[in-house]
Every structure is written in structure tokens, then in C-alpha cells.
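In: turn this into a model:
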Amino acid sequence: MKYKAILFDLDGTILNTIPDLWHSANYALTVLGFPERTLAEVNSFVGNGVRMLMKRALPENVPEDIWNESVRLQKSFYDKNLAVETKPYEGIPELLSKLKEEGYLLGTVSNKYDEAVKSLMDIYYPGVFDVALGSRDDIPLKPDRAMTDYALRTTGVLPSETVYVGDSEVDYSTAVNGQMFPVLVDWGFRSREVLEKTGAKTIISHPSDLLDLL
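Out: As a prediction, the model looks like this:
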């Protein structure tokens, strides 16, 4: 078997988290007296962690203390409401089960903060992933390779033995920077047109396509 591990992005790849992210962002905006954002807007804001989500959602040039407070409010709401409308994408549970059955090591590496990543894995995919890592103060966010390198060190698998699966430009750059084989999915938060502009050669439209690829 050429590849030994499959690392997945979380939001937009294995879970559709946008509705709950949308509600949590708008909660923070409303409390602070700013206009709410549309679902489509929030969809375009995600991918670089909660701080960038709120920076993009806020009006331009707000003071840093307001930005920090928006992040605190978003997280406080999201922690209590992260599994209200979130759900796995069709075919993902079956894909993960099959990959486990075939002996692949599985991981999820996300720019979502670490506590939320682990909570979502416990709710939706208990016991499935060998490693689940979200953003932490001591590790740079994707597309820096630090997060995937950290995850792979815990499994003992080399980047050259790893497929990285994600749904965005950030994920493609993460795979390239980390010297892993990149696979992008078009069922997530970015259109196929956007994904094609990254230069990605492998874009799939259904989870079962990954099995065919492997």
C-alpha cells in the first residue's frame, strides 16, 4: 500500500458545520451591535480559524479589543451550540469505516480551535480518528505545515505516505507545504471553480471517489 495515513480537514470536508458557525458568528455580531452576516458570507469567511472568521465578519477597522470580544462571544456561543445543525456529509461515515477496515491511519487537522475539534469528534466520530488536532497557541495554523507535521509525528507516518483531503485553497496549500498528496473535495465550502484555480489535479465529488483513487 503506497499510502498509510489519510488526514482530513474538518469543516466542509467531513462535517457540514456552516449553519452552527453562522449562528455563532451572528450571535457575536448582534451582541456587539453590528449587522448580521448571511450564510453565504460566513461560508466564504471560514478556513483560517475563528479569529479570521470574526475579523472578516466585523466591519473594517474595528478596534482590536472589539475584535477580541467578538471571538470570545463566538466561542462561548459555539461551545454550547456546535452540534445543533452540524451533520456529516453523505457518504463520509461509510468512507471512514471502510478506510479503518483497510488499515489506514486516520486523522483530522483543522484550524478550528482544538477543544471544538475534539468535542465534534466525540459527538460524530467517536473512536474513528487516530489523531484529532485543532488550533493551539503553540502551533501555527494551516497552511503552515506545523499542524500536519505534529499530527503525523503522533502516528509515525511520513508525509510522503500521507494523503491530505480538504475543501479549500488553504487545504491545498497545506498539503503542498507538508509534502503530502493533495485531494480536494467539491462538496464543501468552496466551489469547484475556486478549487480548480489552486492548480489541484485531484478533485473529487463523492467520498467513494477517494476509495477508487486509493
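
In: quick one, longest strand in this structure?
Out: strand 105-113 (DSSP state E).

In: quick one, which residue of the chain lies the farthest from its center?
Out: Each residue of the chain has a distance to the centre, and by C-alpha atoms, centre = their mean the biggest one is for G33: 28.6 Å.

In: and that residue, how close does it get to R51?
Out: 20 Å (C-beta to C-beta, to the nearest Å). Where C-beta positions appear, they are placed from N, C-alpha and C, glycine not excepted.

In: now the helices for this structure?
Out: All helices of the chain, identified by DSSP state H, fall at 18-31, 39-45, 50-57, 64-81, 92-101, 114-124, 146-155, 169-177, 192-196, 207-213.

In: how about CSV for those helices, with mean neighbour count added?
Out: As requested, the helices of the chain are exported to CSV (neighbours: other C-beta atoms under 10 Å):
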stretch, mean neighbour count
helix 18-31, 20
helix 39-45, 16
helix 50-57, 20
helix 64-81, 16
helix 92-101, 16
helix 114-124, 17
helix 146-155, 18
helix 169-177, 22
helix 192-196, 14
helix 207-213, 16
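
In: how about those helices in CSV, adding distance to I6?
Out: Shown next, in CSV, are the helices of the chain (distance: least, C-beta to C-beta, whole Å):
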stretch, distance to I6
helix 18-31, 23
helix 39-45, 25
helix 50-57, 25
helix 64-81, 27
helix 92-101, 6
helix 114-124, 15
helix 146-155, 11
helix 169-177, 12
helix 192-196, 18
helix 207-213, 8
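
In: which non-adjacent residue is nearest L158?
Out: L152 (7.1 Å; C-beta to C-beta, 6 or more residues apart in numbering).

In: kindly report the same for E41.
Out: Using C-beta to C-beta, 6+ apart, the closest residue to E41 is A57 (7.4 Å).
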